[in-house]
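A.B. asks: my questions are about this predicted structure, shown below with the sequence.
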Amino acid sequence: MFGDRERATLVTMTATFVGLLAIGGFLAVPFFPVPITLQTLFVLLTGVVMGRYAVIPPFLYLVFGIMGLPVFHNGTAGIGIVLGPTGGYLVGFIPAAAIVGIIYEKGKLWLRIPGIVLGTITIYGFGVSWLMLSANLDLVKSLLVGVIPFIPGDILKGIAAYLIADKIHPENKNSTV
């Protein structure tokens, strides 16, 4: 890795975002069955910053948590968390980061907001699907407990990710094509 600046940057960003995902889980507001955390903000930021490589941090975060490192919400760990009601959201972090990352990598300004929205919807989709199976809830109940309470906060997180992206990628600010 010595002398390979791109690779060193990728490793550094990966470690940073795995850490931020874990910290985001510790900053949790208890809510049943899914806690309110800052993790979705960090998933969106992973995509914004890392582009196509954004799948790496959430994947490693999930692997570390399954292996027993206390990185999930409130310091929990283990396969039981992934198989529980929050597991779908955690798994959904991976494709959500990929979607946002690929869209941001394209550099088209008009795609950024839809990309962030699509990433958030992806997390909801995986989360609600798994919530229905793991908690034996119907679709309406799953949406009521797994999406509706989170929409205002996720709108704020999406706005924050968009504004931070403008600061991180000022060279793309005027890119409309």
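C.D. replies: Done, it's in.
A.B. asks: which other helices and strands contact the top helix by length along the chain?
C.D. replies: Assignment by DSSP state H gives helix 109-134 as the longest helix of the chain. In terms of contacts (3 or more C-beta pairs under 8 Å, 6 or more residues apart in numbering; DSSP states H and E), helix 109-134 is packed against helix 39-50, helix 87-106, helix 139-146, helix 151-168. Backbone N, C-alpha and C define where each C-beta goes, glycine included.
A.B. asks: who's in contact with the first one?
C.D. replies: Okay, so that is helix 39-50. 10, 13-14, 17, 20-21, 23-25, 54, 56-58, 73, 93, 96-104, 115-116, 119-120, 123, 150, 154, 157-158, 160-161, 164-165, 168-169 (C-beta atoms under 8 Å, 6 or more residues apart in numbering).
A.B. asks: list buried members of those residues by neighbour count.
C.D. replies: Buried members of these, scored by 16 or more other C-beta atoms under 10 Å, are 13-14, 17, 20-21, 24-25, 54, 56-58, 73, 93, 96-104, 115-116, 119-120, 123, 150, 154, 157-158, 161, 165, 169.
A.B. asks: now tabulate the helices and strands packed on helix 109-134 in CSV and tack on distance to Ile66 and mean pLDDT.
C.D. replies: Formatted as CSV, these follow (distance: least, C-beta to C-beta, whole Å; pLDDT from 0 to 100):
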stretch, distance to Ile66, mean pLDDT
helix 39-50, 16, 95
helix 87-106, 9, 95
helix 139-146, 21, 93
helix 151-168, 25, 90
